[in-house]
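Asker: The sequence isn't on hand, but the structure is:
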């Protein structure tokens, strides 16, 4: 993407962006965002702004190969029912009204791209701390904006987001509460006990704990900061081809400790997706149901 095109597209979002170092507003100078304190962040010709330039990326296990595998899994429709559940929840909340959504931990951009298509009046921002992820996200043309940024230092003004989407990724609920609008909603998807259970079984000898996943701690941490208004369980099992099985094996941190030669995709003939979708508001604002 030409830098001029990226920066022209970014002008719509510019009033809502804040410097992650000092929380000052930005102006565009040349091919950079510069805040009132002089902190400068360069635009990338790959289609994004890096607002976490000090982040060490060299040793990140979430590399380009992982996100290419994840893209293959997503393009095959493995998470399409989860995307549809998110779309329905947002449609119920906002109908045809414009809204701003932050996909926090957007990975290769699957949800943000699809939601930008589903809601043409919405302002959609995908951000991730992995530069490889955001570069993969920005490679496909989309209305969505792409940022390399830390969820602990969300680079937005207070109350910017009508919705925050957090799919299978760590959260910072203090940062989320600051950025959410007064009537804003957090849509969070957490794994259930049977999520990707076939992969866990296939690589069990290499896992410190091969028992079923328990999301109790994740939910307890969420409920300490957010009021959960609605829960929806998503659970389904799909057949898997050898090629898709290989991509599934390579795309998950479950296999980070597994030697590549031990990733036998032929052992995967099906895959189970099991998640809980939770619709939440910050505890101090949760006076009435949002949806």
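Answerer: Structure received. All figures in this text were calculated on a predicted structure; none of them were measured in a lab. Residues are numbered from 1 along each chain as shown.
Asker: For the rest of this, base every contact and every neighbour count on C-alpha atoms.
Answerer: Noted.
Asker: Which helix runs longest in the chain?
Answerer: Counting by DSSP state H, the longest helix found in the chain is helix 80-94.
Asker: where exactly do the strands run in the stretch 51-200 of the chain?
Answerer: In the stretch 51-200 of the chain, the segments counted as strands under DSSP state E, counting those that start in this stretch are 100-104, 123-128, 145-148, 161-167, 180-191.
Asker: Make TSV out of the ones you listed and add mean pLDDT, distance to residue 13 and mean neighbour count.
Answerer: Formatted as TSV, those follow (pLDDT from 0 to 100; distance: least, C-alpha to C-alpha, whole Å; neighbours: other C-alpha atoms under 10 Å):
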stretch	mean pLDDT	distance to residue 13	mean neighbour count
strand 100-104	98	10	25
strand 123-128	98	8	26
strand 145-148	97	8	25
strand 161-167	98	12	24
strand 180-191	96	16	22
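Asker: So which of those strands is nearest residue 269?
Answerer: strand 180-191 (20.6 Å; C-alpha to C-alpha).
Asker: measure residue 256 to residue 249 for me?
Answerer: Residue 256 sits 10 Å away from residue 249, taking C-alpha to C-alpha, to the nearest Å as the criterion.
Asker: Looking at the two, which has the bigger crowd around it?
Answerer: residue 249 (27 against 15; other C-alpha atoms under 10 Å).
Asker: re earlier: what inclination does the longest helix of the chain have with respect to strand 100-104?
Answerer: 150 degrees (axes from the mean of the first three to the mean of the last three C-alpha atoms, to 10 degrees).
Asker: Helix 80-94: which residues count as buried?
Answerer: Buried positions in helix 80-94, judged by neighbour count with 16 or more other C-alpha atoms under 10 Å: 82-83, 86-87, 89-90, 93-94.
Asker: tell me which strands and helices that helix is in contact with?
Answerer: helix 110-118 (3 or more C-alpha pairs under 8 Å, 6 or more residues apart in numbering; DSSP states H and E).
Asker: The helix it packs on to strand 161-167, inter-axis angle?
Answerer: Using the same axes, to 10 degrees: helix 110-118 against strand 161-167 is 140 degrees.
Asker: pLDDT averaged over helix 110-118, what's the number?
Answerer: The average pLDDT within helix 110-118 is 97.
Asker: which residues in the stretch 101-250 of the chain form helices?
Answerer: Under the criterion DSSP state H, counting those that start in this stretch, helices of the stretch 101-250 of the chain are mapped to 110-118, 131-138, 173-179, 197-202, 216-225, 242-251.
Asker: Tabulate those in CSV, adding columns for distance to residue 150.
Answerer: Putting the helices of the stretch 101-250 of the chain into CSV (distance: least, C-alpha to C-alpha, whole Å) gives the following:
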stretch, distance to residue 150
helix 110-118, 17
helix 131-138, 11
helix 173-179, 10
helix 197-202, 29
helix 216-225, 19
helix 242-251, 21
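Asker: between those helices, which one is nearest to residue 14?
Answerer: Per C-alpha to C-alpha, nearest to residue 14 of the helices of the stretch 101-250 of the chain: helix 173-179, 15.1 Å.
Asker: Flag every buried residue along the closest one.
Answerer: So, applying 16+ other C-alpha under 10 Å, buried residues of helix 173-179: 173, 175-179.
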